[in-house]
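A.B. asks: Sequence and predicted structure, then a few things I'm wondering about:
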Amino acid sequence: MSSYVICRSLFLLCLISSVLFHTGQSQNDLSGSGAETKPVKEKEQIRTEEKPVKEKKVRLVGSLYGNPWEGRLEVLHKGKWGTVCDDGWDMDISNVVCRWLGYIGAQNYIFDSYFGQGRGDIWLDNVRCYGNETSLWKCRHNPVGENDCTHREDVGIRCEKKTLEEQKAYRRKQRLRKMKVRLTSSSTLMPASDGFLEVYARNRWRAICSDDWDITDSKVVCGMLGFPDAVPIGDTGKRQHKRKSIMLTNVGCSGKESVFGDCPMDDLKDWKSCTSKSSVQIKCKRGDLVLDAEEPMKFMRQKVNTVVEENEITPPPPEAFKSNKVEFGIQNEQPVKSRPLPWIRLRGGGNFGEGRVEVKYRGKWGTVCSKGWDKVSANVVCRQLGFGSAKELVTDGGYGQGIGPIWLNKVSCKGDEKDILDCNHGSWNASRDCTHTNDAGVKCHVPDIGVKDKVQVIGGTELSPNQGRVLIEIDNTWGTICSEGWDLFDAAVLCRQMGMGFARYALERSVHFGAPRLDILITDVQCDGSERMLQECSYRKLSVNETCPRNHRAGVVCGEYLPDILLDIHRLEESVYLQDFPEYMLQCAAEENCLSSVPASFGSRRLLRFSSAIMNRGTAAFRPFLDRYNWIWHACHVHFHSMEVFTHYDIVNHKGERVAEGHKASFCLEDVYCDSGATPYFSCEGQQGISPNCVDLYANNIDCQWIDITGVKPDSYLLRIDTNPDVLVAESDYSNNEILCQLYYNGFQVVVGGCRYVADDDNY
């Protein structure tokens, strides 16, 4: 009710009101706004209207580009539009106007009729707002129409482009995306893969109305829980579950979604509005990662124990010694898709269900370009591998750069494909604008299989929680592990089991993590890297009369980034040649055990020379195992060895017997050359190592870069080369350290070809 109405009713109240207004105060004191305004004339009265009249409206006009969110401010009063004077205008007033118009707030305001001068009345002047009012009419202002302004002072406003409705919808979407889901049932299987669906919202677990629910909706939920697919569920006879908690209905997933909250769905006013009066039940395909799987999922074996089969060594083709450019083996012209063996894999990831995406085509593994890579395509890959939907996209070589061809690019899936080859994609290896810096990766949703609860890493600090002494549960008893035989393969399984990434160090002693208070349970742990948990590795329980060396309790340091070194196969094949060299000139090589024990022939030794280009395709630098103060000096060659055995070479016959061998010590690890975008850092004169995406080259003309084949008989053999053979330096992938090549030797010439990484074999 206005003061004029009050005055007509009560003379006393009129006098009080007049005094208050003349002193610049009101019953709701709005002083202290900080706005600079013109002095209020004695006859002016600043009014506050608490009940806005329906006919009063607001608009912004005069935008040069026709933008609805900016312009000259005009208000409607008694059927006529008029402007507002900019005297004392500030951001609080601007925010009130913009929110009144339905925007989230104001960007700025502009004086001096920036959006053009209005016509007619200037309705408001000396407006003062707190900033929380719902309209200008609830702010203080001069009596409507009373001002000392001209249209040159018409105020202009530029609002934020986002509307309140858009903000509300965005916040709802974000809230739904973060919504957790679970299945509840009486089943004892872990993790639960069937039962009533519950979502965590408004601080409690709630059910969902089954109106319009279908198998596609179930598939999305299953994918988010880490399961590859949903299966139809029959009538269980149970329909009501936490019915009073139901808050969502009419879910309409398309099947492309990675999380349930991305599906369109409606809020339910109350549970009685659920037409079906029943709660959603679903059933998921459990997959092969769960512990109760009939054929448990195996990861890439890291410990290489190559056994040479007789049929692996084939006789040389007739043209073998005419040209060194000979294709060895059978080339499969069709995609490996028709084979029962897996032809898609994830590499370079430290945890379950993550890594660089690689596919096999024509017998070769290659990568996928991340340009155009989206979650719909990543969902297909994750489900094809037996995991759930894609949790996160990793682009631009985030899991390390691959090698070989980039088989697929411009991958575009609909979301219902069972196989990535069923999706649209460009021609094989035809990408013109992709390099391995664009390799695609993915982090999949995986089920919580409960293995993390079966081990612990204790004694770390708040800044370094991913390190400590290892505790393990065996037969419902917790204890420590004797570190006899504890190595990086075992530590790698432990770190992955804990969700801590890769193993950087396998610690033999862990006394610095505190005094052990539990008994030693097991010893001689032997993992090959394919296990889901330490309990699946080979181990031996410590007997009553058996002891473990003092302070030998297994510890671990886990991390997110590691190097990954491997030999450049093409550089090897093109650099092979034979050389007969006088033995008396090989004294330094003899001191480093680079010569065969077979006597020289006429004072000469036959050397199979080749170059070794060592690539680092990981996400961290490869550094020597020892610090430079512990390197070994070799006076004959006048240099230090940072690793006594950096690479090992063998020539093996068809019986698997070694007929010749060699090794190369690392006397200088450096960045000889790098890929585009990578910067060389390491050198022989300064810090030694190999940076990510750089290469260290040991050319075929340096000492010990050979195998002494003196006395080896002409025949067909296998050449085996193993880098970092003693696994002294932690890597993200050890399985690609060993390569095998066909070697043909006729007594005068040698041809090497058909080289492959052991991990790429079909039976690996």
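C.D. replies: Cool, got the structure. Keep in mind that this is a model prediction, so the values were computed, not measured. Numbering: from 1, shown residues only.

A.B. asks: The residue nearest to Ala192 when sequence neighbours are not counted sits in which helix or strand?
C.D. replies: Leaving aside its chain neighbours, Ala192 sits nearest to Leu183 (4.5 Å; criterion: C-beta to C-beta, 6 or more residues apart in numbering). Every residue, glycine included, has its C-beta placed from N, CA and C. Taking DSSP states H and E as the criterion, Leu183 maps to strand 180-184.

A.B. asks: Pull up the pairing partners for that strand, direction included.
C.D. replies: Partner strands and pairing direction for strand 180-184 (DSSP bridges) are strand 194-201 (antiparallel).

A.B. asks: what mean pLDDT would you report for the partner strand?
C.D. replies: Strand 194-201 comes out with an average pLDDT of 92.

A.B. asks: Show me the contact partners of that strand.
C.D. replies: Here strand 194-201 makes contact (C-beta atoms under 8 Å, 6 or more residues apart in numbering) with 175, 179-187, 205-208, 221, 233, 238, 241-242, 247-248, 260, 279-284.

A.B. asks: Okay, and which of the residues you listed map to strands?
C.D. replies: 180-184, 205-207, 248, 281-284 (DSSP state E).

A.B. asks: If any of the residues you listed are buried, give me the PyMOL selection for them.
C.D. replies: To isolate the buried members of these in PyMOL, using 16 or more other C-beta atoms under 10 Å:
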select buried, resi 181+183+184+206+207+248+281+282+283+284
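
A.B. asks: Can I get the ones in strands among the contacts of strand 194-201 in JSON lines including pLDDT and distance to Lys364?
C.D. replies: Formatted as JSON lines, those follow (pLDDT from 0 to 100; distance: C-beta to C-beta, whole Å):
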{"residue": "Lys180", "pLDDT": "93", "distance to Lys364": "42"}
{"residue": "Val181", "pLDDT": "95", "distance to Lys364": "40"}
{"residue": "Arg182", "pLDDT": "94", "distance to Lys364": "42"}
{"residue": "Leu183", "pLDDT": "94", "distance to Lys364": "41"}
{"residue": "Thr184", "pLDDT": "91", "distance to Lys364": "47"}
{"residue": "Trp205", "pLDDT": "93", "distance to Lys364": "49"}
{"residue": "Arg206", "pLDDT": "90", "distance to Lys364": "51"}
{"residue": "Ala207", "pLDDT": "91", "distance to Lys364": "50"}
{"residue": "Leu248", "pLDDT": "91", "distance to Lys364": "48"}
{"residue": "Gln281", "pLDDT": "93", "distance to Lys364": "46"}
{"residue": "Ile282", "pLDDT": "94", "distance to Lys364": "40"}
{"residue": "Lys283", "pLDDT": "94", "distance to Lys364": "39"}
{"residue": "Cys284", "pLDDT": "95", "distance to Lys364": "35"}
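
A.B. asks: And the ones in strands among the contacts of strand 194-201, which is closest to Val455?
C.D. replies: The shortest approach to Val455 among the ones in strands among the contacts of strand 194-201 belongs to Arg182, at 23.8 Å (C-beta to C-beta).

A.B. asks: any low-confidence regions in this protein?
C.D. replies: 1-56, 235-240, 300-301, 303-342, 762-764 (pLDDT under 70).

A.B. asks: if you go through it in chain order, where are the helices?
C.D. replies: Taking DSSP state H, the helices of the chain run over residues 3-9, 11-22, 91-100, 164-177, 215-224, 375-384, 488-498, 569-574, 587-591.

A.B. asks: Against which helices or strands is the fifth one packed?
C.D. replies: Counting by 3 or more C-beta pairs under 8 Å, 6 or more residues apart in numbering; DSSP states H and E, the packing neighbours recorded for helix 215-224 are strand 229-230, strand 281-285, helix 375-384.

A.B. asks: Give me whichever of the ones you listed is most buried.
C.D. replies: The highest average neighbour count among the helices and strands packed on helix 215-224, using mean count of other C-beta atoms under 10 Å, belongs to helix 375-384 at a mean of 25.

A.B. asks: Tell me how far it lies from the chain's centre.
C.D. replies: 14 Å (C-alpha atoms, centre = their mean, to the nearest Å).

A.B. asks: and the angle for that helix with strand 281-285?
C.D. replies: Calculated by axes from the mean of the first three to the mean of the last three C-alpha atoms, to 10 degrees, helix 375-384 forms an angle of 70 degrees with strand 281-285.

A.B. asks: what does helix 375-384 contact?
C.D. replies: In contact with helix 375-384 (C-beta under 8 Å, 6+ apart) are residues 223, 228-229, 256, 258, 344, 353, 357, 388-390, 393, 411-415, 417-420, 422-423, 440, 442, 444-445.

A.B. asks: Please indicate which of these are buried?
C.D. replies: 223, 228-229, 256, 258, 344, 353, 357, 388-390, 393, 411, 413, 415, 417, 420, 423, 440, 442, 444-445.

A.B. asks: Which of those fall within strands?
C.D. replies: Counting by DSSP E, these contribute Asp229, Ile344, Val357, Ala390, Leu393, Val442, Cys444 to strands.

A.B. asks: Take those and write them to JSON lines, including distance to Tyr734.
C.D. replies: Shown next, in JSON lines, are those (distance: C-beta to C-beta, whole Å):
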{"residue": "Asp229", "distance to Tyr734": "33"}
{"residue": "Ile344", "distance to Tyr734": "21"}
{"residue": "Val357", "distance to Tyr734": "20"}
{"residue": "Ala390", "distance to Tyr734": "27"}
{"residue": "Leu393", "distance to Tyr734": "27"}
{"residue": "Val442", "distance to Tyr734": "22"}
{"residue": "Cys444", "distance to Tyr734": "23"}
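
A.B. asks: which of those residues sit farthest apart?
C.D. replies: Spatially, the most separated pair among these is Asp229 and Leu393, at 21.0 Å (C-beta to C-beta).

A.B. asks: residues touching Gly514, list them.
C.D. replies: Ile458, Gly459, Arg469.

A.B. asks: top of the residues you listed by neighbour count?
C.D. replies: Compared across these, Arg469 has the highest neighbour count, 26 neighbours, by other C-beta atoms under 10 Å.
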